[in-house]
Every structure is written in C-alpha cells, then in structure tokens.
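Trainee: Take this sequence and fold it.
(chains A, B, C and D)
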Number of protein chains: 2
Amino acid sequence: MATVSRVLNGSEKVSAATRQRVLQAIEQLQYTPNASAKALRSRRTTLLGVVIPAVSSIYYLELLKGIENTAIESDYNLIICDAQNSSLREIEYMKLLSSRRVDGFIIINTLMPEEEVAGLARRGFPFVLIGRVVKSANVSSIVVANRSGAAQAVEHLIRHGYKRIAYIRGMFHPDDEERFATYRKVLAEHGLSFDPQLVERGHFTEEGGAQALQRLLQKTEFSAVFAANDEMAIGAMEKARQLGIRVPEDLAIVGFDNIRLARHVVPGLTTVDMPKYQLGAMAAKKLLETLGNEHIVYERVVLKTELVVRQSCGCG
Amino acid sequence: MATVSRVLNGSEKVSAATRQRVLQAIEQLQYTPNASAKALRSRRTTLLGVVIPAVSSIYYLELLKGIENTAIESDYNLIICDAQNSSLREIEYMKLLSSRRVDGFIIINTLMPEEEVAGLARRGFPFVLIGRVVKSANVSSIVVANRSGAAQAVEHLIRHGYKRIAYIRGMFHPDDEERFATYRKVLAEHGLSFDPQLVERGHFTEEGGAQALQRLLQKTEFSAVFAANDEMAIGAMEKARQLGIRVPEDLAIVGFDNIRLARHVVPGLTTVDMPKYQLGAMAAKKLLETLGNEHIVYERVVLKTELVVRQSCGCG
DNA sequence: GCCTTCTGTGATATCGATTACACCAGAATC
DNA sequence: GATTCTGGTGTAATCGATATCACAGAAGGC
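Mentor: Numbering: from 1, shown residues only, chains lettered A, B, ... in the order given. Coordinates of the predicted model:
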C-alpha cells in the first residue's frame, strides 16, 4: 500500500492519525520491508561490492574495516569477494556483482589488465580503485605515496652508511614497480650504481622473501635488504636467522606496509607505514560521493606514508 | 521474456535454434539478469549474512575465508557486518539483514543474550552459530573443544612441574567460562588447590593481558600463566619483558587460538591451536545444507583442538 | 453559496524475472 | 481425413515497494 511506503520513507504528507495506525500495524505484523522489491523499483540496492585479491592477508583487514565503517554510516552494506589472487576470478566477480546491481564497486589492488578496467569505466560502472592507477580511463584511485615511502626507506639506509642494498621485489604489481623505480632513483641520486645482481623477486609472502634472500646470498654480497612488503621482509629475516646471519649487525632489513607483525618480530622490523584504515575509508567516501552526484569528479588521492624506525635496520 | 528465462535456467524445453538466437541476443545487448527481480520472484537472494563482533581481529580472517570459500562454491555471496563488539549493533544488523532477505545467517561469537538468539530461532530464521551454544533453542552450532583444549594446556604445564598457575580470563564470554571451568577442574584433578588470587580478567586484547599480568604480580607469586587467548598471552609476555621477567625461565606462558603472531613472537608462544578455517567452512556447509532441505537437523559440531608446544612454556 | 486550492488517501502502473497456462503447428494415431 | 498428442513458444499473473495520478473532502476566497 502506498501509505505504508509514505510512512516509512520520511512522510511527505501523512496525517498523524494514519501514521500511528500504520506503525501499529507494522509492529503487530512484524512487517519487514523487502529490500529486493525496493531495489527493483528504485534501482538502488544500497550495496557496495568489494573485490579483494585474497582475504587471507592481514594487510586487508584494516582496509576492510575502513570501508565497512564508512559505508555503514550511509546505510550501505558490503558484499565481499575474495578473488584468491586470480584476475580471472576478479572479472567473474565483477560480473556477479553487476548482476546483483550493486550501486558501486571498490576494487583493491586489482591484477586486472588495464584494458579490462578501462572497459568497466566505459560501461559506466561507478567504482573506485585502491592501490592502482589506470591512466587511460576515467577512474578515481586511492593510493599510497609509494615513491616517497620507498625513498624514505632507502635514504634512511644510505644515510646510515649502507652502500650495497639489495631489493626484494614482489610479483608484477604496480606498487612494486613504483617502489623499485624509486629504489633505483634514490641510489643514483646518492652516487651509488645499480647492480642487477642485487634484485630478486618473491610472491609477496614470507616464503617468497626467504627464498629471494637465499638466491641473493648465493649471487653476491650486501649489507642491507629493502623488501617490497613486510611479509617478504619478515621471511628474509627468518631465513637470515636460520643461516646464522645476525640482523641487524650482519644484515639490515627494511620492509613496507607496517603490518601488525612488524612490531612483534625480533628484532622489530623497520618499515614504511601505510595508512590502511584511511585508504579504505577514503575509497568508500569517494565512491559514496560519486553515487549521489550527477556530475562526477574523478581524482587520484595519494596518502602519505611514514618511516617507522625499529631495530632491524640497526639505526635505531 | 519467458524463453530467455528458460534458456538461462537450465533449459526445460527450448529448441537448439531459439537457444542460439537468445544467447546471441544476450551477447549483443550485454544483457545481465537482475538479481533483485529474480530474488523478488523466487524468494531467494543467494546471499548469506555474516555478523562478526569486530573485523579488526585477525582471528576472524581465517574464519571468514572458510565461510567465503564454501559459500561461493554454491554461488552464494556474503554480506559482512561488523558489530564492533556491541550486541545492540548485532541486533540492528540482524534486522537489516532480514530486510535484505538473506537466505541465512552465520553469527560469530555472538554477545547477544540467549533470549534474543532463541527469538530468532522461533521466528524461523535459518542460521548457524559459531563459537556459541544456546541450549534453549533449536540452533546449530559449530564450536571448538574448549574443554579439551584448555585441559591440554593446563595439563601440559602441570606435567612439567608448574604448581602455581595463574589464569588470565577474558570478558564474560562462553568460551572463557568453559576454559576457566576446565582450568579449575584440571587443577583439582591433580590435587592442586584453586587460588582466586591467581585469576585476573582482560579484554581479550594485548593491552588487557599486559594489565592483567601486572595486577597478578602485585597480588601473589606464580611460575606460569595460562591466558584465555593469544592476544592476552602476548600482551602478558611483553609486559614481562618490560619488567625484566624472563620467559620462560622465570615465567611460563601459554595461550589459546594459535593466531599467526604466536609463531613469531620471541619466545614462540605455546598455545592451543583452533581450526579456524574449518570452523568457518563447517558453519557455511551446515547452513547451506539446511537451506536446501525441508527437514532440518539441528546439531552441535565440536572441532578438535591441538596443543602447539613452542618455547614460551619452557617445556620444548 | 459557488468555485478554487489544498491535503491526504486509495487505485494503478511499474521495475524484471519466473511460472502457470494457453495456444499452435506438425507429428502420430485410428 | 479427423482426432489426439506433443514439443515449443508467447501471454499474463505474480513477487513487494514506489511513484504517479485521480479523487474525495476540507478549507479558504470572492
């Protein structure tokens, strides 16, 4: 009935008497409005789709919390999809979510090819990227200052006298590209030559970091390691311990992300702090803004990082 | 059009020719079925609601992963709600989710009063509890063997000669009650008297564990601590370090949960492993079963725990 | 007292997929 | 050749909330 709808959705013109009667009936019948019907008619689901590369990583918890808390303030709920590190599954999920007619998407650290993302933008899906910038398309992105963050880390090591600094890369990810490029740039700025022997890759995991360190040790000598994320830095640290290499005396280690573990490992991991909660909150805020407005402003928000000095770099 | 529906939902009777034409049209028009309409008509959303006390805790990540992976196999998506440790918010969310007509709920470590849970059951909501048993209602629960887990921990300490074993409780949670009761029971079984001076409470957080240890130290003497969860155990461990108390030489510490951190702190935390992924997966499986069947079997599934001995108990 | 202007309320169409039902062509049966 | 059957297709009702419209009755103006 129309009047019920009027009562529920901010009364336009309902008399106090009927409002009372309606509310009473609602109470008695334990009536709960049907969101599907509402969504069908109003063309809004008040749902946001969140695509995460892998729920398993702690890294994403804070992000998620930032998104959730911001979304719920505007009465939006989240459908969370775990792509299990597969860009194919990401695309599958995007289809599924668009079938569910979510009002918008937040896509975290996507592995999708640029063309795929641009395609989504062209089809008019409202979405915001976290941790990825796509220049060829009209998209809003929330990212951290990878360049300045990596620069902080490498400069810190150089300032404290380290000259041969190895770098453990991740696997083909834009964040990694930027951090690696900065590593090279900072070396050059300080008159240090770049040695490709000093670079290895891992899968952003502890295991990957441990293996990368081992390969590096077989190839050459160095006194410091900068890893593209904390997981790999911690993996490298454990491998070093196993091999009897003292950290930081024999080998300084610096990571990136400042995950919770970084504070607890021994020695404490020096790392670049990333405002994870903020990243999620900003993305949700930006997305919700664009949903309301007719006129959309695409923008790239870059959040500042901060170097957290602990013991693993030996500079404490 | 009816034929399109027939093509999409496992053709009953459609000729190969028309099927082709329909599929081609779908392709051309980039047609995506509207899940809201489907849900409205079929009275099924293929959505599950998940209510978590607080997304912030790492503990829940593995759980979530177990739920998600199991749900997606049956084409169910998850709406995740973070109750921020408030049972009022839990109830709010339950209303919201039932308005969204989710097909079922998974309620994790709920703080809701028993009557509230029983009420949900009476109203016929299909749901499964994780980490909570409600005897007065027809509900399925997936829990861990708190009693045998706590017994493993305490017996391990007693077997290795510890006599004054302190216990750090959490805040009014069924898990905690069971673990505490078991602590007392095991002490009694081994002829050790229970000393209320040896018990303090924390908020299941590191900070809480640290403060509880401090209060304990002011009251009495003891050589071992069993904490109701790892977070508190780790907090206590750090507090001990700050106070110059050596772990495990001066003080043995044992936790519960086996969170990822437990392996990384120094000394490694001896703890009771909880099959977190399994817990989530079983809950989702159980829920999906009940959704299909007319005839529902309520059951309580108890998953086994396992003591993981590391260095913090000094028995390695 | 007649006409206009509100104000509040019920009736109706709509969103898009599903489903029961009607229908029709062509095959099968007598 | 007339009748029955069957596989395939279109028609229309339905799910529940909302938006538009129409209309009854009250209030106000001349």
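Trainee: all contacts plus neighbour counts: C-alpha atoms, from now on.
Mentor: Noted.
Trainee: Pull the number of nearby residues for the one residue in the stretch 201-316 of chain A that gets nearest to DNA strand D.
Mentor: Closest to DNA strand D within the stretch 201-316 of chain A is residue A:292: 14.3 Å, counting by C-alpha to the nearest atom of the strand. By other C-alpha atoms under 10 Å in any protein chain shown, the residues close to residue A:292 number 9.
Trainee: helices and strands around the strand or helix carrying residue A:211, which ones?
Mentor: Secondary structure from DSSP states H and E places residue A:211 in helix A:206-219. The contact analysis (3 or more C-alpha pairs under 8 Å, 6 or more residues apart in numbering or on different chains; DSSP states H and E) places helix A:206-219 against strand A:165-169, strand A:199-201, helix A:230-242.
Trainee: same thing but 6 Å
Mentor: Using 3 or more C-alpha pairs under 6 Å, 6 or more residues apart in numbering or on different chains; DSSP states H and E, the elements in contact with helix A:206-219 are helix A:230-242.
Trainee: if you average pLDDT over the helix it packs on, what comes out?
Mentor: Averaged across helix A:230-242, the pLDDT comes to 96.
Trainee: Model confidence for residue A:12, exactly?
Mentor: 64.
Trainee: ok, back up a step: any idea how far the residue of the stretch 201-316 of chain A closest to DNA strand D is from residue A:298?
Mentor: 14 Å (C-alpha to C-alpha, to the nearest Å).
Trainee: Return the residues in contact with the residue of chain A found nearest DNA strand D.
Mentor: As assessed by C-alpha to the nearest atom of the strand, DNA strand D sits closest to residue A:33 within chain A, at 3.2 Å. Residue A:33 makes contacts with residue B:99, as judged by C-alpha atoms under 6 Å, 6 or more residues apart in numbering or on different chains.
Trainee: That one: which element?
Mentor: With DSSP H and E as the test, residue A:33 turns up in no helix or strand.
Trainee: List phi and psi for it.
Mentor: Taking degrees, to the nearest 10, you get phi -60, psi 150 for the backbone angles of residue A:33.
Trainee: do the same with residue A:31
Mentor: Main-chain dihedrals, residue A:31, degrees, to the nearest 10: phi -70, psi 130.
Trainee: got the CA coordinates for the host helix or strand of residue A:153 in CSV?
Mentor: In the assignment (DSSP H and E), residue A:153 maps to helix A:146-159. What follows is helix A:146-159, C-alpha atoms only, in CSV (Å, rounded to 0.1, in the frame of the first residue of the first chain):
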residue,chain,number,x,y,z
ASN,A,146,54.9,4.6,-2.9
ARG,A,147,57.6,6.8,-4.3
SER,A,148,58.1,8.9,-1.2
GLY,A,149,57.7,5.9,1.0
ALA,A,150,60.3,3.9,-0.8
ALA,A,151,62.6,6.9,-0.9
GLN,A,152,62.3,7.3,2.9
ALA,A,153,63.3,3.7,3.4
VAL,A,154,66.3,3.7,1.0
GLU,A,155,67.5,7.1,2.0
HIS,A,156,67.4,6.0,5.6
LEU,A,157,69.7,3.1,4.9
ILE,A,158,72.1,5.2,2.8
ARG,A,159,72.3,7.9,5.4
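Trainee: Now that helix: buried residues?
Mentor: A:146-158 (16 or more other C-alpha atoms under 10 Å in any protein chain shown).
Trainee: same deal with stretch A:286-300?
Mentor: A:286, A:287, A:288, A:290, A:300.
Trainee: same deal with stretch A:250-260?
Mentor: In stretch A:250-260, counting by 16+ other C-alpha under 10 Å, buried: A:251, A:252, A:253, A:254, A:255, A:256, A:257, A:258, A:259.
Trainee: For the fifth one, give its distance to residue A:162.
Mentor: When you say that, I think you mean residue A:255. Using C-alpha to C-alpha, residue A:255 is found at 16 Å from residue A:162.
Trainee: same deal with residue A:259?
Mentor: Residue A:259 sits at a distance of 25 Å from residue A:162 (criterion: C-alpha to C-alpha).
Trainee: would residue A:106 count as being in a strand?
Mentor: Yes - in this structure, residue A:106 lies within a strand as judged by DSSP: H, G, I helix; E, B strand; the rest coil.
Trainee: Near it, how many other residues are there?
Mentor: The number of residues near residue A:106, taken as other C-alpha under 10 Å, comes to 24.
Trainee: Show me which residues of the stretch 151-300 of chain A are close to chain B?
Mentor: Applying C-alpha under 6 Å from any C-alpha of the partner chain, we find that the stretch 151-300 of chain A lies next to chain B at A:264, A:265.
Trainee: DNA strand C contacts on chain A?
Mentor: Contact residues (C-alpha under 7 Å from any atom of the strand) of chain A with DNA strand C: A:1, A:2, A:3, A:13, A:14, A:15, A:17, A:18, A:19, A:37, A:40, A:41.
Trainee: Out of these, which are close to chain B?
Mentor: Contacts with chain B are made by A:37, A:40 out of the residues of chain A next to DNA strand C, judged by C-alpha under 6 Å from any C-alpha.
Trainee: of all the residues of chain A next to DNA strand C, which two lie farthest apart?
Mentor: Taking C-alpha to C-alpha as the measure, the residues of chain A next to DNA strand C span a maximum distance of 30.3 Å, between A:17 and A:40.
Trainee: and residue A:25, helix, strand or coil?
Mentor: Residue A:25 ends up helix, using three-state DSSP.
Trainee: rewinding a little: which other residues reach the following helix or strand past the helix holding residue A:211?
Mentor: Tracing the chain past helix A:206-219, the next element assigned as helix or strand by DSSP H and E is strand A:224-227. With C-alpha under 6 Å, 6+ apart as the contact definition, strand A:224-227 has outside contacts at A:165, A:166, A:167, A:168, A:233, A:251, A:252, A:253, A:254, A:255.
Trainee: Considering the residues you listed, which is situated nearest to chain B?
Mentor: residue A:233 (13.1 Å; C-alpha to the nearest C-alpha).
Trainee: need the contact list for that closest one.
Mentor: A:227, A:255.
Trainee: any idea how far it lies from residue A:181?
Mentor: According to C-alpha to C-alpha, residue A:233 stands 18 Å off from residue A:181.
Trainee: Residue A:252 too?
Mentor: Residue A:252 is 21 Å from residue A:181, by C-alpha to C-alpha.
Trainee: How about residue A:251?
Mentor: For residue A:251, the distance to residue A:181 - C-alpha to C-alpha - is 23 Å.
Trainee: which parts of stretch A:52-65 are buried?
Mentor: A:52-56, A:58-65.
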